[in-house]
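Engineer: Have a look; sequence and predicted model below, questions after that.
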Amino acid sequence: MDSLAGQQLLRKDEKVVSADTVLEEKKIIAFYFSAHWCPPCRLFTPMLAEFYSDLVGAGEPFEIVFVSSDKSSEELMGYMKECHGDWLAVQHGTVLGQDLKKKYEVTGIPSLVVVTREGDIISKNGRSEVAEKGPQVFQKWIAASK
């Protein structure tokens, strides 16, 4: 949580929430680097939304934080409302989004970087792991977080 400590995040309903509060019980956080204008992102996002729904519905301590490469906050919210799961987002145009891209060395999208609550990297290949293994990969992530 080091990168998100004291930060404000956005919900799909456009409410701003404290990262410290909403992530308090989560053990695994996945940063989803994506944009509405990216065709591979538009293919992966519905798959990720189903993955998220399965895990959160089962009560797993998991959260996704969307880091947008969209050109405006309107594009970010439109994309979230259209096909994202009920996860969180970094507000558009903030330094936090750029810092996360740098910290996790994201050079292309879509990218799913899976980390512990403390921000230690579990996987930089979350996208392929979700696509290939589905919700079962979460147990591997939990085991790696200990």
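Structural biologist: Sure, I can see it. Numbers count the residues shown, from 1 in each chain.
Engineer: Now do the contacts for Leu4.
Structural biologist: If a contact means CB atoms under 8 Å, 6 or more residues apart in numbering, then Leu4 has Ala19, Asp20, Leu23, Ile29, Val65, Leu96, Gly119 as its contacts. For the C-beta atoms, the positions are set from N, CA and C on the backbone; glycine is no exception.
Engineer: tell me the mean pLDDT for the lengthiest helix in the chain?
Structural biologist: When the chain is scanned for its longest helix (criterion: DSSP state H), the result is helix 39-57. Helix 39-57 comes out with an average pLDDT of 95.
Engineer: So which other helices or strands are in contact with the following helix or strand past that helix?
Structural biologist: From helix 39-57 onward toward the C-terminus, using DSSP states H and E, the following helix or strand is strand 62-68. With contacts defined as 3 or more CB pairs under 8 Å, 6 or more residues apart in numbering; DSSP states H and E, the secondary structure elements packing on strand 62-68 are strand 28-34, helix 39-57, helix 73-83, strand 88-90, helix 95-103.
Engineer: Can you find the helix or strand in the protein with the smallest mean pLDDT?
Structural biologist: Sorting the helices and strands of the chain by mean pLDDT, DSSP states H and E puts helix 73-83 at the bottom, at a mean of 90.
Engineer: Can you list the neighbours in contact with it?
Structural biologist: Surrounding helix 73-83, the residues in contact under the criterion CB under 8 Å, 6+ apart are 12, 14, 34-37, 42, 45-46, 49, 66, 68, 70, 89, 91-93.
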